[in-house]
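**Q** When you get a sec, could you give me coordinates for this:
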Amino acid sequence: MEPLNILFAGESWIKHTIHMKGFDQFHSTEYEEGATTFLDNLASDGHTVNYVRGHEISSRFPTSAHEIDEYDVVVISDIGSNSFQLPDETFLRSQTSPNRLGVVADYVGRGGGLVMIGGYLSFTGIDGKARFGMTPLANVLPVTMLPYDDRIEVPEGCKVEVCAPEHAVLGATPGDWPPLLGYNRVIADDTAEVIARSGDDPILVTGGFGAGRAVAFTSDLAPHWAPPEFVEWTGYPILWNSILSWASGRS
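**A** The predicted structure follows:
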């Protein structure tokens, strides 16, 4: 597979914890990243990844065609639309600024690839906070997003059915997937193709936008929705390599 130049945004967070010990309390702060296995697999396969963490989007995510066109595919995972649309210059200083999600939409229209991966702050997200259905990506992604909290929690595990096993987006991914523990509920567009589903809900959907391609993977790339059995599955790196290759137009 030809190496790709990938822009990856999201999958990081900061936890601020209050420790209560009887009369006393103290605070601690931790920084965490969730995409380590995913990114390690991409690096092992020779891909180049520019990782823009959640707190870096305001300063490092592309704001122009010149910046974003160097990438073969853009991946957004578990980071809400506010991080893209409320940069410091606009939120803090009331200055105009480029709509970074509009930059992504134009990029796909010119022939770029976009992959959105599910999570609590993907698609519509927890309490409706991700709100990508109210952004320029609503017309780019091959799905219609719900106007309310779209999480489907399946603690007992949900079976994934591969309904288009010959599609190039799967490559040589095995057809028997480990169970997932949840996903974002979306509705596939009429012109999209549902590649995998859980019951009647899409898990993997492909579509086109302008000269480019877009993929919606509605579950996670890491815990908690993607349990260790999925992340350690032999098909895991094959699946993501194939998805990214297809979205880039290389497949």
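
**Q** where do the strands sit along this protein?
**A** Here the chain has its strands, by DSSP state E, at 5-10, 12-21, 24-33, 48-52, 73-77, 113-117, 143-145, 151-158, 161-162, 180-184, 186-188, 193-198, 201-209, 212-217.

**Q** Residue 88 is nearest to which of these?
**A** strand 48-52 (15.1 Å; C-beta to C-beta). C-beta coordinates here come from the backbone N, C-alpha and C atoms, glycine included.

**Q** wait, isn't residue 240 in contact with residue 39?
**A** No - Residue 240 lies out of contact with residue 39 (C-beta atoms under 8 Å); the separation is 10.1 Å.

**Q** the more surrounded of these two?
**A** residue 240 (23 against 18; other C-beta atoms under 10 Å).

**Q** how much space between that one and residue 195?
**A** According to C-beta to C-beta, to the nearest Å, residue 240 stands 14 Å off from residue 195.

**Q** nearest spatial neighbour of residue 236, skipping sequence neighbours?
**A** residue 230 (6.6 Å; C-beta to C-beta, 6 or more residues apart in numbering).

**Q** Stretch 89-104 spans what distance, first to last residue?
**A** 19 Å (C-alpha to C-alpha, to the nearest Å).

**Q** now do stretch 112-122
**A** 20 Å.

**Q** ok, and what's touching stretch 122-131?
**A** When contacts are defined by C-beta atoms under 8 Å, 6 or more residues apart in numbering, stretch 122-131 is touched by residues 76-82, 116, 119-121, 132-133, 143, 145-151, 184, 186, 216, 218.

**Q** how about a cut-off of 6 Å?
**A** By C-beta atoms under 6 Å, 6 or more residues apart in numbering, the surrounding residues in contact with stretch 122-131 are 78, 80-81, 116, 120-121, 132-133, 145-146, 148-151, 184, 186.
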